[in-house]
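Enquirer: With the sequence up front, the predicted model follows.
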Amino acid sequence: MDDRIHEYELTSQGPRFMGKAGHQGRVWRAVAGEQADPRGSSYPEGTEWRAIDRMWRVKRLSPGDMLRADPQLRALLDTIRDLAERHGDDNVRLVVWFDS
(Lines give C-alpha, C1' and ligand atoms only; values in the text may rest on other atoms or scores of the structure.)
Protein backbone atom coordinates (compact mmCIF):
# COMPACT_ATOMS: atom_id res chain seq x y z
CA MET A 1 0.00 0.00 0.00
CA ASP A 2 1.36 3.42 -0.98
CA ASP A 3 0.04 6.11 1.35
CA ARG A 4 2.53 8.93 0.80
CA ILE A 5 1.26 12.48 0.56
CA HIS A 6 0.74 13.49 -3.07
CA GLU A 7 1.61 16.99 -4.31
CA TYR A 8 -0.44 18.77 -6.96
CA GLU A 9 -0.07 22.05 -8.81
CA LEU A 10 -3.37 23.94 -8.87
CA THR A 11 -4.06 25.01 -12.47
CA SER A 12 -7.03 26.49 -14.28
CA GLN A 13 -7.71 22.98 -15.67
CA GLY A 14 -7.69 21.48 -12.17
CA PRO A 15 -5.04 19.85 -9.97
CA ARG A 16 -2.01 18.47 -11.85
CA PHE A 17 -0.10 15.67 -10.10
CA MET A 18 3.50 16.72 -9.38
CA GLY A 19 4.80 13.80 -7.36
CA LYS A 20 4.90 12.15 -3.97
CA ALA A 21 7.45 11.80 -1.25
CA GLY A 22 7.91 10.98 2.40
CA HIS A 23 9.08 14.49 3.27
CA GLN A 24 7.23 17.44 1.78
CA GLY A 25 9.67 20.31 2.31
CA ARG A 26 9.46 23.82 3.71
CA VAL A 27 6.34 25.00 1.87
CA TRP A 28 4.28 22.03 3.08
CA ARG A 29 5.61 22.50 6.63
CA ALA A 30 4.63 26.19 6.53
CA VAL A 31 1.08 25.21 5.54
CA ALA A 32 0.66 22.03 7.63
CA GLY A 33 2.63 23.22 10.67
CA GLU A 34 6.11 22.49 11.95
CA GLN A 35 4.90 19.50 13.99
CA ALA A 36 3.00 17.92 11.07
CA ASP A 37 3.87 14.30 10.33
CA PRO A 38 5.03 13.82 6.71
CA ARG A 39 3.66 10.25 6.63
CA GLY A 40 0.32 9.97 4.89
CA SER A 41 -0.64 7.10 7.19
CA SER A 42 -0.88 9.63 10.04
CA TYR A 43 -3.96 11.29 8.49
CA PRO A 44 -7.32 10.14 7.11
CA GLU A 45 -7.42 9.62 3.35
CA GLY A 46 -8.44 12.82 1.59
CA THR A 47 -6.78 15.17 4.11
CA GLU A 48 -5.58 18.23 2.19
CA TRP A 49 -3.30 21.20 2.73
CA ARG A 50 -3.31 24.14 0.29
CA ALA A 51 -0.96 26.99 -0.47
CA ILE A 52 -1.20 29.55 -3.27
CA ASP A 53 -0.71 27.21 -6.27
CA ARG A 54 -0.06 23.90 -4.50
CA MET A 55 -2.13 21.23 -2.83
CA TRP A 56 -1.00 18.20 -0.85
CA ARG A 57 -3.46 15.33 -0.39
CA VAL A 58 -3.33 12.03 1.45
CA LYS A 59 -4.17 9.35 -1.09
CA ARG A 60 -3.77 5.62 -0.50
CA LEU A 61 -2.99 3.47 -3.51
CA SER A 62 -3.08 -0.30 -3.80
CA PRO A 63 -0.52 -2.02 -6.04
CA GLY A 64 -3.21 -2.30 -8.75
CA ASP A 65 -3.96 1.44 -8.48
CA MET A 66 -0.25 2.19 -8.92
CA LEU A 67 -0.02 0.03 -12.05
CA ARG A 68 -3.07 1.71 -13.59
CA ALA A 69 -1.75 5.17 -12.75
CA ASP A 70 1.78 4.62 -14.09
CA PRO A 71 1.99 3.22 -17.62
CA GLN A 72 5.81 3.19 -17.53
CA LEU A 73 5.83 1.00 -14.42
CA ARG A 74 3.27 -1.29 -16.03
CA ALA A 75 5.42 -1.58 -19.18
CA LEU A 76 8.50 -2.37 -17.08
CA LEU A 77 6.74 -5.12 -15.15
CA ASP A 78 5.24 -6.54 -18.36
CA THR A 79 8.75 -6.69 -19.85
CA ILE A 80 10.10 -8.45 -16.77
CA ARG A 81 7.26 -10.97 -16.92
CA ASP A 82 7.92 -11.61 -20.62
CA LEU A 83 11.64 -12.14 -19.96
CA ALA A 84 10.87 -14.53 -17.10
CA GLU A 85 8.54 -16.54 -19.32
CA ARG A 86 11.20 -16.72 -22.03
CA HIS A 87 14.30 -17.34 -19.87
CA GLY A 88 12.93 -18.68 -16.56
CA ASP A 89 12.17 -16.91 -13.28
CA ASP A 90 15.64 -17.56 -11.84
CA ASN A 91 17.34 -15.89 -14.81
CA VAL A 92 15.69 -12.46 -14.56
CA ARG A 93 16.60 -9.83 -11.99
CA LEU A 94 15.65 -6.18 -11.54
CA VAL A 95 18.21 -4.07 -9.68
CA VAL A 96 17.06 -0.67 -8.47
CA TRP A 97 19.15 2.08 -6.94
CA PHE A 98 17.57 5.08 -5.20
CA ASP A 99 19.74 8.17 -4.85
CA SER A 100 18.29 10.39 -2.18
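Expert: Done, it's in.
Enquirer: does Tyr8 sit in a helix or strand, and which one?
Expert: Assessed by DSSP states H and E, Tyr8 sits inside strand 5-11.
Enquirer: In contact with the nearest residue to Tyr8 once chain neighbours are set aside, which residues?
Expert: Among residues not flanking Tyr8 along the chain, Pro15 sits closest, at 3.8 Å (CB to CB, 6 or more residues apart in numbering). In short, each C-beta sits where N, CA and C put it, glycine included. Under the criterion of CB atoms under 8 Å, 6 or more residues apart in numbering, the neighbours of Pro15 are Tyr8, Glu9, Met55.
Enquirer: What strands flank the following helix or strand past the strand holding Tyr8, and is each parallel or antiparallel?
Expert: Sequence-wise, the next helix or strand downstream of strand 5-11 (DSSP H and E) is strand 14-21. When pairing is defined by DSSP bridges, strand 14-21 lines up against strand 5-11 (antiparallel).
Enquirer: Give me the buried positions along the strand it pairs with.
Expert: Ile5, His6, Glu7, Tyr8 (16 or more other CB atoms under 10 Å).
Enquirer: cool, and stretch 48-66?
Expert: Residues Glu48, Trp49, Arg54, Met55, Trp56, Arg57, Val58, Lys59, Leu61 are the ones in stretch 48-66 that count as buried (16+ other CB under 10 Å).
Enquirer: SS state for Ala84?
Expert: helix (DSSP: H, G, I helix; E, B strand; the rest coil).
Enquirer: which of the buried residues of strand 5-11 lies closest to Pro38?
Expert: Ile5 (6.7 Å; CB to CB).
Enquirer: how close does the residue nearest the centre of the chain get to Arg50?
Expert: Nearest to the mean C-alpha position of the chain, counting by CA atoms, centre = their mean, stands Lys20 at 4.2 Å. Using CB to CB, to the nearest Å, one gets 17 Å for the distance from Lys20 to Arg50.
Enquirer: Likewise for Arg29?
Expert: 14 Å.
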